[in-house]
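K.L.:
Pasting the sequence and the predicted model now:
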Amino acid sequence: MGAVRAAYICTACGIQFPPSEDPPAGCPICADYRQFVPGGRQRWTTLEELCRDHRNAFQQLEPGLLGIATTPEFAIGQRALLVRTPAGNVLWDCISLIDEATVEIVRALGGLVAIAISHPHYYTTIIEWSRAFGAPVLVHEGDREWVVREDGAVTFWNGDAHDVLPGVRLVHCGGHFSGSAILHWEQGAGGRGVLLTGDTIQVVADSHTVSFMRSYPNMIPLPEAEVTRMARIASGLKFDRIYGAFWDRDVTSDARRRVQESADRYVAWLNGRGTDAPVS
Ligand SMILES: [Zn+2]
Ligand SMILES: [Zn+2]
């Protein structure tokens, strides 16, 4: 009789590995210099175990946009965002926990046409979500090496942008990871436009400015040229609001200007020209 195989999940970043008898030797996402292994010890769980004492909570953020996050918080603690359009729904970023209630609720809302991921920290259980809804997972080619559970459902896109649905477009930014992307939702914020930014353009604690880092937990900055390049990409998009990776990390208005001013502030401090003037 063979040993029981399980698809192990890293408890630090929430990523799920292909089924195996023993847990993986380590998690490459957490061993990477941008992340960390808490206490230096790798720990594992499974989806089955996670479902025993965790649930997903849903919040409507604005018409056509729902946040989904696990409670109590698990791993990095991000939320997924469900964008609803007349052509179907897109899940932006992902969370490890997918249970029967989540599947029923998302199906009742029309299911998913696609799952689009900003970068490897939010890969989590993309294959489980993909199978539950029959939706492809869109990952930028630049991050191919980080997909630990290879599957035909993962569709790599490349280049500067990729149209997911009418009015819903993935935009490549880089910076945090080579393939880091954001999602532009044209009809969001009452037609003024919305960006979903994950960690690529990070909404910070004050909820009206943003930052751009190579590593957030390990506080490694990006060079001026990268920050300027990313701000230029954002300035080419029409948007008024940003929803970040976590609950309450939202720039609710005037977000396009605030991204530019945040980038200017960042570059000024990199060059010893920073001032105490706040971003208005
Ligand atoms: Zn990990
Ligand atoms: Zn990240």
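P.N.:
Cool, the structure landed. Ligands and ions are numbered 1, 2, ... in the order given.

K.L.:
Can you list the helices and strands that the helix or strand where N89 lies packs against?
P.N.:
Secondary structure from DSSP states H and E places N89 in strand 88-92. Where contact means 3 or more CB pairs under 8 Å, 6 or more residues apart in numbering; DSSP states H and E, strand 88-92 is packed against strand 80-85, strand 114-116, strand 161-165. Bear in mind the C-beta positions are built from the backbone N, C-alpha and C, glycine included.

K.L.:
which residues in the chain form helices?
P.N.:
In the chain, the segments counted as helices under DSSP state H are 28-31, 47-53, 100-108, 126-133, 224-235, 255-270.

K.L.:
what does this structure put close to ligand 2?
P.N.:
Within the chain, the positions adjacent to ligand 2 are 121, 199 by CB under 5 Å from the ion.

K.L.:
Can you pull the residues of the chain lying near ligand 1?
P.N.:
Neighbours of ligand 1 within the chain, by CB under 5 Å from the ion: 10, 12-13, 27, 29-30.

K.L.:
Out of those, which two sit at the greatest distance?
P.N.:
Greatest spatial distance among the residues of the chain next to ligand 1 (CB to CB): A12 and I29, at 8.3 Å.

K.L.:
residues bridging contact with these two, i.e. touching both?
P.N.:
Counting by CB atoms under 8 Å, 6 or more residues apart in numbering, the shared contacts of A12 and I29 are Q35.

K.L.:
In its sheet, which strands sit next to the strand holding N89, and in what direction?
P.N.:
If you go by DSSP bridges, strand 88-92 pairs up with strand 80-85 (antiparallel), strand 114-116 (parallel).

K.L.:
Return the most buried member of the helices and strands packed on strand 88-92.
P.N.:
strand 114-116 (a mean of 26; mean count of other CB atoms under 10 Å).

K.L.:
just how off-centre is it within its chain?
P.N.:
Its chain's C-alpha centre and that of strand 114-116 lie 11 Å apart, by CA atoms, centre = their mean, to the nearest Å.

K.L.:
Stretch 220-239 too?
P.N.:
18 Å.

K.L.:
Need the residues that contact that stretch.
P.N.:
Contacts for stretch 220-239 (CB under 8 Å, 6+ apart): 33-34, 171, 173-176, 182, 184, 186, 188-189, 192-195, 200-201, 212-214, 255-256, 259-260, 263-264, 266-267, 270-271.

K.L.:
go again using 7 Å as the cut-off
P.N.:
171, 173, 175, 184, 193-195, 201, 212-214, 255-256, 259-260, 263, 266-267, 270-271 (CB atoms under 7 Å, 6 or more residues apart in numbering).

K.L.:
same thing with stretch 157-173?
P.N.:
Contacts with stretch 157-173, where a contact means CB under 7 Å, 6+ apart, come from 83, 85, 87-88, 90, 113-114, 116, 138, 140-141, 180-187, 200, 230, 233, 237.

K.L.:
Going by neighbour count, which residues of that stretch are buried?
P.N.:
Neighbour-count burial for stretch 157-173, counted by 16 or more other CB atoms under 10 Å, picks out 157, 162, 164-165, 167-173.

K.L.:
cool, and stretch 137-147?
P.N.:
Buried-residue list, stretch 137-147, by 16+ other CB under 10 Å: 137-140, 142-143, 146-147.

K.L.:
Would you mind measuring from the closest residue to ligand 2 within the stretch 151-280 of the chain to I105?
P.N.:
Per CB to the ion, D199 is where the stretch 151-280 of the chain lies closest to ligand 2, at 3.5 Å. Distance of D199 to I105, computed by CB to CB, to the nearest Å: 26 Å.

K.L.:
Settle it for me: which of those two has more neighbours?
P.N.:
Between D199 and I105, counted using other CB atoms under 10 Å, the more crowded position is D199 (27 against 15).
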